[in-house]
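**Q** Sharing a model prediction with you, sequence too.
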Protein chains: 2
Amino acid sequence: VTSGQDAASGVATRGVGVVDDRLEDIALLLDLVRTGRAKTRTELSRRSGLSRKVLGQRLGDLLTHGLVTEGDLAPSTGGRAPRELAFRGDAGAVLVAQFGATGMGIGIADLTGTVLRRHHEPLDIAVGPDCALGRAEELFDRMLGERGDDAPPIWGVGLGVPGPVEFDSGTPIAPPIMPGWDGYPVRNRLAQRFGVPTWLDNDVNLMALGELRAGLARGQDNVVYMKVGTGIGAGLVSRGRLHRGANGTAGDVGHVAVRSDHPALCRCGKIDCLEAHAGGAALARDATTAAQEGTSAFLAARLAEHGPLHARDIADAAAAGDAVAISLLTRSGRLVGETLATLVNFFNPSTIIIGGRVTTTSDLVLAAVRQAVYRQSLPLATRDLHIAQSVNSAEIGLVGAAFMVVDELFDAPVLARWIGDGSPAGRPELSTAA
Amino acid sequence: VTSGQDAASGVATRGVGVVDDRLEDIALLLDLVRTGRAKTRTELSRRSGLSRKVLGQRLGDLLTHGLVTEGDLAPSTGGRAPRELAFRGDAGAVLVAQFGATGMGIGIADLTGTVLRRHHEPLDIAVGPDCALGRAEELFDRMLGERGDDAPPIWGVGLGVPGPVEFDSGTPIAPPIMPGWDGYPVRNRLAQRFGVPTWLDNDVNLMALGELRAGLARGQDNVVYMKVGTGIGAGLVSRGRLHRGANGTAGDVGHVAVRSDHPALCRCGKIDCLEAHAGGAALARDATTAAQEGTSAFLAARLAEHGPLHARDIADAAAAGDAVAISLLTRSGRLVGETLATLVNFFNPSTIIIGGRVTTTSDLVLAAVRQAVYRQSLPLATRDLHIAQSVNSAEIGLVGAAFMVVDELFDAPVLARWIGDGSPAGRPELSTAA
């Protein structure tokens, strides 16, 4: 079992300061096989520029470590039929967790980003890092215990939180809705707990990454993912990679000022933030007012029967033709759409994906978003613009967390941990004990 | 002399469909030397992962073609002192041109992005592509004629225009202030005229690139360049590379709606665009009104003496304490700053550079921009934000145009043209005749 102490601050401390050419080669080969760009030794050789001899040695390392298999005969192009190389997605597994403002999801994914086990439960992010991370660790332990003895080892942890993150250090920085989390060493804690490399990013960035690598934005270069849940935030993709910005705050659109006919106090302390008018909490607040003031019989009945109102109740009311609910959802979509229109003018994405609980409960929101974007954006910027609703916005963040880990793991310097010393013992084993 | 006909659509048509490993190696080596990351054969070998033998062959190609020289003895680290490798910036030259709304600059730069000769003159972009490009070609011819017989050959042309550009095809698309340019084959025309590869981009993107590679933003990953001239536009840099967006319209902020106490018609046909209130033409319009209505004695006198007012006149008036001029420049800076504040929240740059004629004539604009950005952006997004004024905003676009060409030229597929056949004859010669 590797020591957790130095796993904390990443991998460079593990004595792999300099990455040699061999590891760069291996990382390249693995990437070519993993992404399906090369399926045979001949293709690998051509794509990598490595000689047959060197290629054989490097590929041998990957085969030895079980990351690649050389299996079925590929279709012959004349001459001896080549054997097909495949990435072994089940060689390892990844622990993934997504914290939202009011709920968390955790799971175990394989190395292809497929989530194999999952669990969602309510959790107020404001309980602070000790409670929230402690609960996630507990759930991870339970989930790991449910696996068979022959389950693949855990190779990394990927986490998302609803606030700005300094990606290089794996810590939240000045998150407006996460009291107690500012500067908390999230990466270090999880890396020590499970003895494997850990990465942390903003939750919406991970949703954007999930859609980019395995969802509706696959193959796109310029993407905006807009999450409208309790909070509101965007994840930006430029040239096929996440744009995090200088302080990890890129896409932080929840607290942009919007025009409104009545002032609303935001939980961040400012007035008339987008979130304070269009987010899930704002909708619940306005729906409750309508129920109490008697302007919506449907919502009043729901409030009396089931207690505090949620996005789901407003969607149900709208579906039943309740005018107040329809107006609330349409207004939320319009305000989100107006902010998106500005983003479209600035960023010119080819794809916008809308996710989060508020948007997925009712088609009204997507319709209002589309209308506002197409009305207020520059015509050229919307010429080929595609606006879609996330198919599975609860899960896509976990998928993104898995891809974050796998992409980082198979970067040459990190790969060095596994196969740097040329022996399988270099691969970390799972430490579930604290 | 190479035929211009197929140079038009780029380089792939020249029979270099597949780029082999040798050229990829050569492009990598050239890049390492050119950017100063490797100065000796030993460093090149380590950085490139090539064996000494292969490295020797590839470097031989670069030496033969005069792109790299092996010169002075580098400091010895024990053993035989290695010779220092250097990129030959004077091996070739690049024709560069920047078209603004009301003026153009042309020049000749070397392969390090240094502008060696330059010329600026007024030109209304609305005269259309035939007139504008014809004039540029005429000026290029004259400038080329002034060079000595031993001047290096021209290897490429780089152009900037004040509107959206489809980068891959080198054509303007639906530019709001460039009648007659929509879809015009700018790249094809120049490539045929001069028989060399040609690239076209938005003018502000090239200013951003110039600052990124050789100016105030050197080494930064997240940059916004904001140009406030006759028109207004921004160039965005994400992860150290230009973010152009899906249709080349990223950073098109001139026609974003702003709040205003009096409506203003924009030349794009809409009301209350940022440009219609804060751009150079808007300032000249408002200054002329003030002069005619007698609210500014300074501007009235200037109008009577010198005719139509320009940004320079307003700056002079402000410097002389004229209240109307001060108010106009401050309002322009405030409106630009408010738009930038939104961009800061979305994009989270580490550096904003302000350029263009309106900002460089008076410090009032920069001061007002700074005030608005720091007041209206999220605190975390401005924690380390640096806002600076472009030092030489008339020239930086030419520098950017040169880097665009050189960066693209030394990409492997294009490099193939020069050294693909292993003989110096592969290098194009200059055709100045039409």
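**A** Received it, and whenever you're ready, just let me know what you need.
**Q** can you list the residues of the stretch 251-400 of chain A near chain B?
**A** A:251-253, A:255-257, A:342-343, A:345-350, A:376, A:378-381, A:383-385 (C-beta under 8 Å from any C-beta of the partner chain). Placement of C-beta: from N, CA and C, glycine included.
**Q** Next one: A:W181 from B:I125, what distance?
**A** Taking C-beta to C-beta, to the nearest Å as the measure, A:W181 falls 51 Å from B:I125.
**Q** Next: A:S296.
**A** Computed with C-beta to C-beta, the distance linking A:S296 and B:I125 is 56 Å.
**Q** more neighbours, the two?
**A** B:I125 (26 against 23; other C-beta atoms under 10 Å in any protein chain shown).
**Q** Let me know whether the more buried one touches B:Q98 as I believe.
**A** No - look at B:I125 against B:Q98 with C-beta atoms under 8 Å: they stay out of range, at 11.0 Å.
**Q** If we ignore the residues flanking it in sequence, what's nearest A:S362?
**A** The shortest distance from A:S362 to any non-neighbouring residue, by C-beta to C-beta, 6 or more residues apart in numbering or on different chains, is to A:A315 (4.2 Å).
**Q** A:A109 falls within a strand, correct?
**A** Yes - counting by DSSP: H, G, I helix; E, B strand; the rest coil, A:A109 is part of a strand.
**Q** Next up, the contacts around the closest residue to it other than its chain neighbours.
**A** Nearest non-adjacent residue to A:A109, counting by C-beta to C-beta, 6+ apart: A:A402, 3.6 Å away. For A:A402, the contact set (C-beta atoms under 8 Å, 6 or more residues apart in numbering or on different chains) comprises A:94, A:96, A:109-110, A:113-115, A:158.
**Q** Over to A:R37?
**A** A:31, A:43, A:47 are the contacts of A:R37 under C-beta under 8 Å, 6+ apart.
**Q** Tell me the one among these nearest to chain B.
**A** A:R47 (9.3 Å; C-beta to the nearest C-beta).
**Q** and that closest one, how many neighbours does it have?
**A** Applying other C-beta under 10 Å, we find 16 residues neighbouring A:R47.
**Q** again, but for the one 3 residues further on
**A** A count of nearby residues for A:L50, using other C-beta under 10 Å, gives 20.
**Q** Wait, a helix at it?
**A** No - per three-state DSSP, A:L50 lies outside any helix segment and is coil.
**Q** show me what contacts it?
**A** A:25, A:29, A:44, A:58.
**Q** how about the residues you listed, which pair is most distant?
**A** Largest separation among those by C-beta to C-beta: A:D25 and A:L44, giving 10.4 Å.
**Q** so A:E138, which of the three states?
**A** A:E138 ends up helix, using three-state DSSP.
**Q** Please apply the same query to A:D25.
**A** A:D25 is classified as helix under three-state DSSP.
**Q** Could I get the full set of strands for the stretch 51-200 of chain A?
**A** Applying DSSP state E, counting those that start in this stretch to the stretch 51-200 of chain A gives strands spanning A:68-73, A:83-87, A:93-99, A:103-110, A:115-122, A:154-161, A:165-166, A:171-172, A:198-202.
**Q** need these in CSV with mean neighbour count, distance to A:D411 and mean pLDDT, can you?
**A** Output for the strands of the stretch 51-200 of chain A, formatted as CSV (neighbours: other C-beta atoms under 10 Å in any protein chain shown; distance: least, C-beta to C-beta, whole Å; pLDDT from 0 to 100):
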stretch, mean neighbour count, distance to A:D411, mean pLDDT
strand A:68-73, 14, 17, 80
strand A:83-87, 18, 15, 88
strand A:93-99, 27, 15, 97
strand A:103-110, 23, 18, 96
strand A:115-122, 14, 22, 96
strand A:154-161, 27, 12, 95
strand A:165-166, 22, 18, 92
strand A:171-172, 22, 20, 95
strand A:198-202, 26, 11, 96
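**Q** What distance do you get for A:I108 to A:V165?
**A** 22 Å.
**Q** ignore the last one, A:A278
**A** For A:A278, the distance to A:V165 - C-beta to C-beta - is 23 Å.
**Q** Ok, A:G235 next?
**A** For A:G235, the distance to A:V165 - C-beta to C-beta - is 12 Å.
**Q** Give me the longest helix you can find in chain A.
**A** helix A:323-347 (DSSP state H).
**Q** got the angle between that helix and helix B:323-347?
**A** In terms of direction (axes from the mean of the first three to the mean of the last three C-alpha atoms, to 10 degrees), helix A:323-347 departs from helix B:323-347 by 100 degrees.
**Q** can you give me the helices in the stretch 101-250 of chain A?
**A** A:129-145, A:186-194, A:203-214 (DSSP state H, counting those that start in this stretch).
**Q** and the residue nearest to A:S362, which of the three is it?
**A** Going by three-state DSSP: A:A315 is helix.
**Q** next one: phi and psi at A:D90?
**A** Main-chain torsions, A:D90, degrees, to the nearest 10: phi -100, psi 10.
**Q** Likewise for A:S45?
**A** According to degrees, to the nearest 10, A:S45 has phi -60, psi -40.
**Q** Next, give phi and psi for whichever residue of the stretch 251-400 of chain A sits closest to chain B.
**A** Nearest residue of the stretch 251-400 of chain A to chain B, counting by C-beta to the nearest C-beta: A:N348, 2.6 Å away. Main-chain torsions, A:N348, degrees, to the nearest 10: phi 50, psi 60.
**Q** Check which element follows the longest helix of chain A along the chain.
**A** strand A:351-355 (DSSP states H and E).
**Q** pLDDT wise, what is A:A311 at?
**A** Per-residue pLDDT puts A:A311 at 87.
**Q** correct me, but it touches A:V365?
**A** No - counting by C-beta under 8 Å, A:A311 stays clear of A:V365, with 9.6 Å between them.
**Q** any shared contact partners between those two?
**A** A:V358.
**Q** between those two, which one's more packed in?
**A** Neighbours of A:A311 and A:V365, each counted by other C-beta under 10 Å, are more numerous for A:V365; the result is 30 against 27.
**Q** Show me where the stretch 151-300 of chain A dips below the pLDDT cut-off.
**A** In the predicted model, the stretch 151-300 of chain A carries no residue with pLDDT under 70.
**Q** Where does it get nearest to chain B, residue-wise?
**A** A:G245 (2.6 Å).
**Q** how near is that residue to B:R383?
**A** For A:G245 relative to B:R383 (C-beta to C-beta), the value is 11 Å.
**Q** and the stretch 51-200 of chain A, which residues reach chain B?
**A** Residues of the stretch 51-200 of chain A lying near chain B (C-beta under 8 Å from any C-beta): A:164, A:173-174.
**Q** rewinding a little: same list (the strands of the stretch 51-200 of chain A) but as a markdown table, adding distance to A:L303.
**A** Formatted as a markdown table, the strands of the stretch 51-200 of chain A follow (distance: least, C-beta to C-beta, whole Å):
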| stretch | distance to A:L303 |
| --- | --- |
| strand A:68-73 | 58 |
| strand A:83-87 | 52 |
| strand A:93-99 | 28 |
| strand A:103-110 | 21 |
| strand A:115-122 | 19 |
| strand A:154-161 | 31 |
| strand A:165-166 | 37 |
| strand A:171-172 | 35 |
| strand A:198-202 | 34 |
